[in-house]
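A.B. asks: give the three-dimensional model of this entry:
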Amino acid sequence: MHHNEGRASQFNTFSSVAFLTGRLIAALAFMSLSIGQTLHFADASRSAGALGMLAPQFFVAAEIVFQAAGSIMLAIGYRARFGAALLAISLVPSIWLFADAAANRLYLAGALAALGGLLPYIALGAGPYCLDSVYRSIQGE
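C.D. replies: You can find the predicted model right below:
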């Protein structure tokens, strides 16, 4: 049995469109973070280092790659579970850095909210309107 088999029946038209819309909004948010960190790499690395991150350039670069790849995968619905997991992993350094600083509670809350928003995609996949569904229908699964 394929891991998504039977899941399409869980979605009606409204929930399918809502799931797609949520995927696109989440992907857009993470892609904008990736672009912003790329354009301001030195500042992002400096800020991460000032907050106590070891090897900040490495972690900021990894975060950019995970956010860009995960955003694209989630948006188009290609291996969306993996893409959402990449995005969730990209949040770990932020959650770790902001957990202790009282001044950064808003950033911590945002990172935790984003993590919570990714969990349905990790659990359920992309939903019926995705590239994986098209591929499965072509393959006859």
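A.B. asks: which ones are touching Ile25?
C.D. replies: Neighbour list for Ile25: empty [criterion: CB atoms under 8 Å, 6 or more residues apart in numbering]. In short, each C-beta sits where N, CA and C put it, glycine included.
A.B. asks: and the helix or strand containing it, what's buried?
C.D. replies: Taking DSSP states H and E as the definition, one finds Ile25 inside helix 13-39. Residues 16, 19-20, 22-23, 26-27, 29-31, 33-34, 37 are the ones in helix 13-39 that count as buried (16 or more other CB atoms under 10 Å).
A.B. asks: same check on stretch 112-121?
C.D. replies: Neighbour-count burial for stretch 112-121 [16+ other CB under 10 Å]: Ala114, Leu115, Gly117, Leu118, Tyr121.
A.B. asks: from what I see, the third one and Gly22 are in contact.
C.D. replies: Spelled out, that is Gly117. Yes - contact criterion CB atoms under 8 Å: Gly117 and Gly22 qualify, at 7.3 Å.
A.B. asks: picking up where we left off before, kindly export whichever helix or strand comes after the helix holding Ile25 (C-alpha atoms) in PDB.
C.D. replies: For helix 13-39, the following helix or strand on the C-terminal side (DSSP H and E) is helix 41-50. Output in PDB follows, covering the C-alpha atoms of helix 41-50 (Å, rounded to 0.1, in the frame of the first residue of the first chain):
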ATOM      1  CA  PHE A  41      24.100  36.800   4.400                       C
ATOM      2  CA  ALA A  42      26.800  38.700   6.300                       C
ATOM      3  CA  ASP A  43      24.200  40.400   8.600                       C
ATOM      4  CA  ALA A  44      22.300  37.200   9.200                       C
ATOM      5  CA  SER A  45      25.600  35.400  10.100                       C
ATOM      6  CA  ARG A  46      26.700  38.200  12.400                       C
ATOM      7  CA  SER A  47      23.300  38.300  14.100                       C
ATOM      8  CA  ALA A  48      23.300  34.500  14.600                       C
ATOM      9  CA  GLY A  49      26.900  34.700  16.000                       C
ATOM     10  CA  ALA A  50      25.900  37.500  18.400                       C
END
